[in-house]
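Q: Sequence first, predicted model second:
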Amino acid sequence: MDITLVPGFNPGPYTGAGNNTYVISGEIPTLVDAATGKAAHLTALAETLASTRLAQVLVTHAHPDHADGCDPIAERWPDTAFRKMPWPERDRLQSVECVPIEDGDRIPAGDGTLLVVHTPGHAPDHLCFLDEATGTLFSADLVVPGSSVVIPASRGGSLAQYLASLRRVLALAPARMLPAHGRAIDDPGAVLSQHLEHRQRREDQIVAALHAGDRRPEAVVDRVYEGLDPGLKRMAQESVVAHLVKLEEEGRARSDGEEWELS
Ligand SMILES: [Zn+2]
């Protein structure tokens, strides 16, 4: 597959250096993810496409840094098809009509085919796309190399689903992963295992915090995330709640919805 990284030019506390989008050249020129619609992204996209059309955009999930660019792209390339797994309440934020896709679909892209791999957890509609011919996986927000992934518990995130998605992709054994944030990953097995281990360590810390008497997610955040940038506190709390919900689902903790304790 002939793949070109086109940066989203949207750096920030939640996007790191900004989003990666990928153009797959060939008979069916394809863009993986729409970023946020920044003028610099549209310019770079036009330069990469040169004189070819843009046949389709595959959107990995409805979070704004992946989907807000859909409308501006549709305006500039009106014949482009948009495809994503539906998440109705979020999809309404864009005016483009997306063609629904689902796990197991095979989508012609570039001069090859991408297998759709549903990987919920970070978002309910989260998809990865696997080029089975080369083992290249467009991994979206499944992992962030050198960092970790936010599981927004109050907005469709599920830690249990996220762990299952990591294990599923580990079993697929991709040769290379192209994430939406950060560098290309040439050692997917190691990075996926690091993310699984990170979650286990975090769970151990949260169980210890409950054991020590913390009841509210804010208290757990203060204990577990030392020296946290205050701007990231809300997201840290979301991740802690995701862990608490998982412990509750497993019968290891109980809650009245605001406070948690070990069972
Ligand atoms: Zn996301």
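A: Yep, it's here.

Q: And D187, how close does it get to the ion?
A: 23 Å (C-beta to the ion, to the nearest Å). Backbone N, C-alpha and C define where each C-beta goes, glycine included.

Q: What residues does whatever residue of the stretch 101-250 of the chain ends up closest to the ion make contact with?
A: Nearest residue of the stretch 101-250 of the chain to the ion, counting by C-beta to the ion: D141, 4.1 Å away. Contacts for D141 (C-beta atoms under 8 Å, 6 or more residues apart in numbering) come out as 60-61, 63, 66, 122-123, 126, 149, 179-181.

Q: now T113
A: Listed by C-beta under 8 Å, 6+ apart, the contact partners of T113 are 106-107, 131-133.

Q: L42 too?
A: Contacts of L42 by C-beta under 8 Å, 6+ apart are 69, 72-73, 76.

Q: Then S25?
A: Residues near S25 by C-beta under 8 Å, 6+ apart: 2-4, 52, 110.

Q: one more time with 10 Å, if that's ok
A: If you count contacts by C-beta atoms under 10 Å, 6 or more residues apart in numbering, S25 has them with 1-4, 48-50, 52, 110-111.

Q: Please flag which of the residues you listed sit within helices.
A: Under the assignment DSSP state H, the contacts of S25 contribute 48-49 to helices.

Q: which of the contacts of S25 sit farthest apart?
A: Taking C-beta to C-beta as the measure, these span a maximum distance of 17.6 Å, between M1 and A50.

Q: between the two, who's got more neighbours?
A: The neighbour count for M1 versus A50, taken as other C-beta atoms under 10 Å, is higher for M1 (18 against 8).

Q: Could you count how many residues lie near the closest residue in space to A173 that isn't next to it in sequence?
A: Leaving aside its chain neighbours, A173 sits nearest to G189 (6.9 Å; criterion: C-beta to C-beta, 6 or more residues apart in numbering). For G189, the tally of surrounding residues (other C-beta under 10 Å) stands at 14.

Q: sorry, back to before: separate out the buried members of the contacts of L42.
A: 69, 72-73 (16 or more other C-beta atoms under 10 Å).

Q: want to throw the contacts of T113 into TSV with secondary structure?
A: As requested, these are arranged in TSV below (DSSP: H, G, I helix; E, B strand; the rest coil):
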residue	secondary structure
R106	strand
I107	strand
D131	strand
E132	coil
A133	coil
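
Q: coming back round to it: quick check: the residue nearest to A173 vs L163, distance?
A: 16 Å (C-beta to C-beta, to the nearest Å).

Q: and what of A109?
A: A109 sits 29 Å away from L163, going by C-beta to C-beta.

Q: More neighbours: the two, which one.
A: A109 (24 against 18).

Q: where does the more buried one land on pLDDT?
A: pLDDT for A109: 98.
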